[in-house]
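Undergrad: Structure of the sequence below:
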Amino acid sequence: MSGERLINNSSILGFSRALLSLRDWVYLLSLLIPFVVYNLALKALDVVSLPGNHSLGEALKLIQSDIFFSIGYVLLWIGLFAAVKRGPVRWAVVFLFHAVTILVLIVTTSAYQYFQQNGTTLDYSIVAEWIPKFKEIEPILSHDVPLIAWVGLGAVLFYATLGPLVVTRAVGRWRGWSGTGPPAILGGVSVLSSLGLCLLALALGSLSFVSGTTSLARDPFINMLTTGVQQATAEEDISDPEAAVEPQPANATLAQTTSTEKRNVVLIHLESTRAQSVTPYNKDLETTPFLDELAQNSLRAERAYTTVPHTSKASVSVNCGIFPHLVQPTTEANTSGLPVPCLAGLLKEQGYSTVFFQSSTEDFENFGELVKNFGYEEYYPLESMDMEGFERSNYFGYEDDIMLKPSEEWLQEHEDTPFLAEYLTGTGHHDYQCLGLRYGDEDFSNDEPLNSYLNCLRYQDEFLQNLFNQYKRLGLYDNTIFVIYGDHGEGFGEHGRFQHDDTIYEEGLRVPLIIHAPGLLKGAERAEGLSNLADIMPTVLEMMGYKVENGEYPGYSLLHPLPQERTLMFNCFHEDQCLASIKGYEKYIYHYGNQPEEFFDLPEDPLEQENLANEESKEELDERREDLLAWHSKINADYTDRAAQ
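TA: So this is what the prediction gives:
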């Protein structure tokens, strides 16, 4: 028995020496073994960080694509090294070995860090969107990614570049190698074996593609390739006549009625402000005392939501009264990117002056062109303002009070005409640089960065009070409708997700919405049903006494009881990451298979901690999912059809 084992061991050793020299084996494995361990460890950490309990079988299912890819990757390079043993081609193989491994490590590490920060997977569309805008995302990278992550990536890339050479030389000294090591064996066994290894590597690589049916279950590098191919081969016109949306008011105009009053309209956009963190919706937090005071004499939407938790997308709903395009790029900023006339353009036809103020840079996501498409005549971004005496509140904006001076100057010049003015605050945005600024600090929480965020909301409240005082001082307050709303919420790890883009839970979707109109609204009025930001436009137009002709916008006026049978639908900012719907008080979340479906009873579980999906029938879950996918297709079909005209 021991003899057979010895013969087998000798055969294996002989086969390995027939393939590669001992020096080559050391060189290859000194990188490939750490490579495999590193990649599988990162994926295991992603799986462990998923919310809920997962069985060993479920975990292995999520990691099997990575296992196939890693084994295939190892066999591929062994086969290539065995096939090419000398000359310039060997040096080319060595160069590719390091270059490709470094590329895979960068993708794998970036995907891991992205998942830890956002709770969703990194795919090609995200990378393709942001690479041309590197100047925009550079501040995000420098603030979001911890220093230890950069140091770790640097160490990994350094070892991937020089580690095999150092290890091979160290082993060579220990073993007493000289020259180039043992001569290579170039017999037919080596050629056939190297070809077989390469074919086996390709087979395992194919398995890594097909074994991962969702982006999370795929190896990160394979997922990048898969989503890249999908995007490159996708049909540009995906509209389906049978899936067409309800006719959009593409030619809508406003008509005056006997009750028309040309009141001023002011839209106050509270950046990254979630309902649960402002005082009117959470009496245990005194972050926004002025907003709370306003709410006592205003119309407050009790259950207001954003459709897509992202600033530009929310702005489309507010300004244009429709759902945004459910894709990541801000296509609404393109020429003919909006399928309907927006509020600024409609009011301009009624003799209104229009202006947009913003305390952050205009360059981020081409926001200047988006504002232009909304129909605003004048635009004052951060670049147009005097920054002296003001401090940064995040990586692309300053304190919101920086808007007060240009606002006052503009209002004084237009005091004789009705106007629409929007103020896009920025202080609530990540990375929450509010501590130590002009209004001092409060201790709202022991957790950072949550405490900094809550202080940022307090600074927004100070700006809000200063702005109202400005309107009162200029004599404009009594004839103005003020609409105050959050564009989206913010996650602080409540469900493993941070910031907002793909935070599909209540902390990311539910926002404050308060309308204050002196003389029109008296006392505290409440809109009790489900509402979203697209309801702002029809509400404001009804308050002003205008009638929409040649079309109908999809929102509901908050001045009337909202339909009890209404269902709200939501989409993550990044594509194919998550969808959700709320019907009554039942919330359903679909993660495209990356996580189990979720179902919550919001009155009983407002923090969405107990997933009831297993208690619902398969038919109910299937129907909710199919409704969401159909809604997603219908909205995008309308934008696609509009762009094709």
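Undergrad: Next, Arg392: phi, psi?
TA: Phi and psi for Arg392, reported as degrees, to the nearest 10, are phi -70, psi 140.
Undergrad: count of residues packed around it?
TA: The number of residues packed near Arg392 is 16, by other CB atoms under 10 Å. C-beta: built from backbone N, CA, C; applies to glycine.
Undergrad: doesn't Gln433 make contact with it?
TA: Yes - judged on CB atoms under 8 Å, Arg392 makes contact with Gln433 at a distance of 5.6 Å.
Undergrad: Got the domain ranges for this protein?
TA: Annotated domains of the chain cover 10-233, 257-559 [automatic domain parsing].
Undergrad: highest average neighbour count across the ones you listed?
TA: Counting by mean count of other CB atoms under 10 Å, domain 257-559 has the highest mean neighbour count of the domains of the chain, with a mean of 20.
Undergrad: Report the distance from that domain to the chain centre.
TA: 20 Å (CA atoms, centre = their mean, to the nearest Å).
Undergrad: Quote the end-to-end distance of it.
TA: 17 Å (CA to CA, to the nearest Å).
Undergrad: Going along the chain, name the helices of the stretch 501-645 of the chain.
TA: Ranges of helices within the stretch 501-645 of the chain are 506-509, 536-544, 618-644, based on DSSP state H, counting those that start in this stretch.
Undergrad: Which of those helices comes out lowest on mean pLDDT?
TA: Here the helices of the stretch 501-645 of the chain differ in mean pLDDT, and the lowest is helix 618-644 at a mean of 87.
Undergrad: Report the buried residues of that one.
TA: Residues 621, 624-625, 627-628, 631-643 are the ones in helix 618-644 that count as buried (16 or more other CB atoms under 10 Å).
Undergrad: how far is that helix from where the chain is centred?
TA: Relative to its parent chain, helix 618-644 has a centroid offset of 20 Å by CA atoms, centre = their mean.
Undergrad: So which residue is dead centre in the chain?
TA: Asp501 (2.9 Å; CA atoms, centre = their mean).
Undergrad: rewinding a little: which of the domains of the chain has the lowest average pLDDT?
TA: Among those, domain 10-233 carries the lowest mean pLDDT, a mean of 77.
Undergrad: what's the closest of the helices of the stretch 501-645 of the chain to Thr227?
TA: Of all these, helix 618-644 sits nearest to Thr227, with 17.1 Å by CB to CB.
Undergrad: for the closest one, packing partners?
TA: If contacts are counted by 3 or more CB pairs under 8 Å, 6 or more residues apart in numbering; DSSP states H and E, helix 618-644 sits against strand 567-571, strand 579-583, strand 586-590.
Undergrad: again, 10 Å this time
TA: Helices and strands touching helix 618-644, by 3 or more CB pairs under 10 Å, 6 or more residues apart in numbering; DSSP states H and E, are strand 567-571, strand 579-583, strand 586-590, strand 598-601.
Undergrad: Would you format those strands as TSV with mean neighbour count, distance to Tyr398 and mean pLDDT included?
TA: Output for the helices and strands packed on helix 618-644, formatted as TSV (neighbours: other CB atoms under 10 Å; distance: least, CB to CB, whole Å; pLDDT from 0 to 100):
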stretch	mean neighbour count	distance to Tyr398	mean pLDDT
strand 567-571	22	31	96
strand 579-583	20	34	97
strand 586-590	23	36	96
strand 598-601	20	38	96
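Undergrad: can you pull the contacts of the nearest residue to Thr425 once chain neighbours are set aside?
TA: Leaving aside its sequence neighbours, Thr425 sits nearest to Asp400 (CB to CB, 6 or more residues apart in numbering; 4.5 Å). For Asp400, the contact set (CB atoms under 10 Å, 6 or more residues apart in numbering) comprises 268, 270-271, 357-360, 390, 393, 423-428, 456, 459-464, 466-467.
Undergrad: would you list every one of the strands in the stretch 451-600 of the chain?
TA: Assigned by DSSP state E, counting those that start in this stretch, the strands in the stretch 451-600 of the chain fall at 480-486, 491-492, 498-499, 513-516, 525-532, 546-549, 567-571, 579-583, 586-590, 598-601.
Undergrad: Mind giving me the packing neighbours of the third one?
TA: In terms of contacts (3+ CB pairs under 10 Å, 6+ apart), strand 498-499 is packed against helix 87-118, helix 134-144, strand 491-492.
Undergrad: Quick check: next helix or strand after the longest one?
TA: By that I understand helix 87-118. The C-terminal neighbour of helix 87-118 among helices and strands, as given by DSSP states H and E, is helix 124-130.
Undergrad: Show residues contacting that next one.
TA: With contact meaning CB under 10 Å, 6+ apart, helix 124-130 is reached by 107, 110-111, 114, 118, 120, 136-137, 140-141, 223-232, 327-330, 365, 501, 573-577.
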